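>>> please find the sequence and the predicted model below.
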Amino acid sequence: MKSRIYLLTMAAVIGATVFGLAGFAQAQSAGEHQHNHSALGAISLFSLVKPLGICALSSLLITFLIGLFRRRLGRRFLKLHKVFACLTVAIALTHGILVLVLF
């Protein structure tokens with residue numbers, strides 16, 4: 001029962017991230033983006049800021065939920081919690097550096 005709640009929560013977070021990124025891609029193709037800077041040729045660094053922020057927040061939420069459910073699900077999730085913590089820090093630092101440099 002507890003593992004079902006955990007899996008449903010993870011599925012909801014991942015689904016929200018995917019649908020959020022899909023909506024962002026549609027907004028980009030519709031021309032709602034105001035910046036026309038291109039530092040890497042076809043890929044603009046400005047277009048990476050919002051998806052990295054969404055990924056950082058989602059990763060933080062997943063890390064929190066893994067830590068929260070660790071007490072109920074045992075120690076096997078401690079290793080997964082540490083991996084997501086490192087991933088969250090890396091994504092958040094990348095997002096923060098891009099925001100500070102570009103804006």
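Received the coordinates, thanks.

>>> could you point out which element follows the helix or strand harbouring Phe69?
Assigned by DSSP states H and E, Phe69 falls within helix 46-73. As assigned by DSSP H and E, the chain's next helix or strand after helix 46-73 is helix 78-102.

>>> hmm, who's touching that next one?
For helix 78-102, contacts defined as C-beta atoms under 8 Å, 6 or more residues apart in numbering pick out 37, 45-46, 48-49, 52-53, 55-56, 59-60, 62-63, 66-67, 70. (Each C-beta comes from the backbone N, C-alpha and C, glycine too.)

>>> what average pLDDT does that helix get?
Mean pLDDT, helix 78-102: 90.

>>> what residues of that helix count as buried?
The neighbour-count check on helix 78-102 (16 or more other C-beta atoms under 10 Å) flags His81, Phe84, Ala85, Leu87, Thr88, Ile91, Ala92, His95, Leu98 as buried.

>>> what is the burial count for Arg71?
9 (other C-beta atoms under 10 Å).

>>> turn the buried residues of helix 78-102 into JSON lines, including distance to Gly74.
Listed next are the buried residues of helix 78-102 as JSON lines, based on distance: C-beta to C-beta, whole Å:
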{"residue": "His81", "distance to Gly74": "12"}
{"residue": "Phe84", "distance to Gly74": "17"}
{"residue": "Ala85", "distance to Gly74": "18"}
{"residue": "Leu87", "distance to Gly74": "22"}
{"residue": "Thr88", "distance to Gly74": "22"}
{"residue": "Ile91", "distance to Gly74": "27"}
{"residue": "Ala92", "distance to Gly74": "28"}
{"residue": "His95", "distance to Gly74": "32"}
{"residue": "Leu98", "distance to Gly74": "38"}
